[in-house]
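**Student:** Quick one, fold the following:
(2 chains)
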2 protein chains.
Amino acid sequence: MRFDPATLVYNDAGLIPCIAQAEGTGEVLMMAWMNQDAVTRTLETGQVTYWSRSRQAFWIKGETSGHTQTLIDLRVDCDRDCLLAIVRQNGPACHTNRRSCFYTSVRDGEDVELMQPML
Amino acid sequence: MRFDPATLVYNDAGLIPCIAQAEGTGEVLMMAWMNQDAVTRTLETGQVTYWSRSRQAFWIKGETSGHTQTLIDLRVDCDRDCLLAIVRQNGPACHTNRRSCFYTSVRDGEDVELMQPML
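**Tutor:** Numbers count the residues shown, from 1 in each chain, chains lettered A, B, ... in the order given. Okay, here's the model as predicted:
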């Protein structure tokens, strides 16, 4: 069946969450939001493009930092209301310069930092 | 630092997205939502507990189906507005009886099914 971004389920703000996962390691890197045009641009350009809710603008991941995400595979979930992008991450995914945004673990009721900045 | 579920960032509906990832394989299984009490219950019981937006009720994953998610590790992202649960998944995670909800890939502009139901 032909993929049509209009058939995805967007929230009231017209957005759908997209999880980025590193190819190879399978590490979950981050979660951000896309609108319909961001989905289309991601597929057309092969560069993962989110919608920045704070800036209300397209956010080509890594455009400023160089920490780009090259799309390897885009997956859609059963309800069509969440995306999973398998990506080739260049450098850290997190704005804190950590490999992943999920660097804090809750262990025995405490916040524990699992990784240090790469840069 | 002591982990306090009240310090997480919830949306206007009081919810935070939680990604479930399989321990070992690293497969991303699903994404669902938690409210503050669901986060607390998940940590206290070790059984991943979401908030069902359709039923407006706690959703102890697998309570009916037996396809439970035992919590191995709970991670918080840099903005504290998204969770990652590393889980031991019993059986399929998806209500379609597939291992993961992300069984559809967009390849060359087509929806392609990557996996069949397990049951």
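**Student:** Quick one: name the residues of chain A near chain B.
**Tutor:** Contacts of chain A with chain B, taken as C-beta under 8 Å from any C-beta of the partner chain, map to A:1-3, A:17, A:19, A:21, A:25-28, A:30-31, A:43, A:73-79, A:82, A:84, A:94-96, A:98, A:101-107, A:109-111, A:114. Heads up, the C-betas are built off the backbone N, CA and C, glycines and all.
**Student:** Can you select the buried ones from these in ChimeraX?
**Tutor:** Command for ChimeraX that selects the buried part of those, burial taken from 16 or more other C-beta atoms under 10 Å in any protein chain shown:
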select /A:3,17,19,21,27,28,30,31,73,74,75,76,77,78,82,84,94,98,101,102,103,104,105,106
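**Student:** Point out the ones among the residues of chain A next to chain B that are inside strands.
**Tutor:** Taking DSSP state E, the ones among those that sit in strands are A:17, A:19, A:21, A:28, A:30-31, A:73-76, A:84, A:104-107, A:110-111.
**Student:** Got the confidence number for the residue nearest to the spatial centre of chain A?
**Tutor:** Central residue check for chain A by C-alpha atoms, centre = their mean: the C-alpha nearest the mean position is that of A:Ala20, 3.8 Å away. pLDDT recorded at A:Ala20 is 98.
**Student:** Kindly state the beta-bridge partners for it.
**Tutor:** Beta-bridge pairing of A:Ala20 under DSSP bridges involves A:Met30, A:Ala85.
**Student:** measure stretch A:14-33 end to end?
**Tutor:** When the termini of stretch A:14-33 are compared using C-alpha to C-alpha, to the nearest Å, they are 10 Å apart.
**Student:** How far away from the center of its chain is it?
**Tutor:** In terms of C-alpha atoms, centre = their mean, to the nearest Å, the centre of stretch A:14-33 is found 4 Å from the chain centre.
**Student:** for stretch A:71-88, same thing?
**Tutor:** For stretch A:71-88, the distance to the chain centre is 9 Å (C-alpha atoms, centre = their mean).
**Student:** residues in contact with whichever residue of chain A sits closest to chain B?
**Tutor:** Per C-beta to the nearest C-beta, A:Gly26 is where chain A lies closest to chain B, at 3.1 Å. Contact analysis of A:Gly26 by C-beta atoms under 8 Å, 6 or more residues apart in numbering or on different chains lists B:Thr25, B:Gly26, B:Glu27.
**Student:** isn't A:Phe102 right next to B:Arg75, touching?
**Tutor:** Yes - assessed by C-beta atoms under 8 Å, A:Phe102 is found in contact with B:Arg75 at 4.1 Å.
**Student:** who touches both of these two?
**Tutor:** Residues touching both A:Phe102 and B:Arg75 (C-beta under 8 Å, 6+ apart) are B:Leu84.
**Student:** Helices of chain A, residue ranges please.
**Tutor:** Ranges of helices within chain A are A:36-45, based on DSSP state H.
**Student:** Before I go, just wanted to say thanks for your time.
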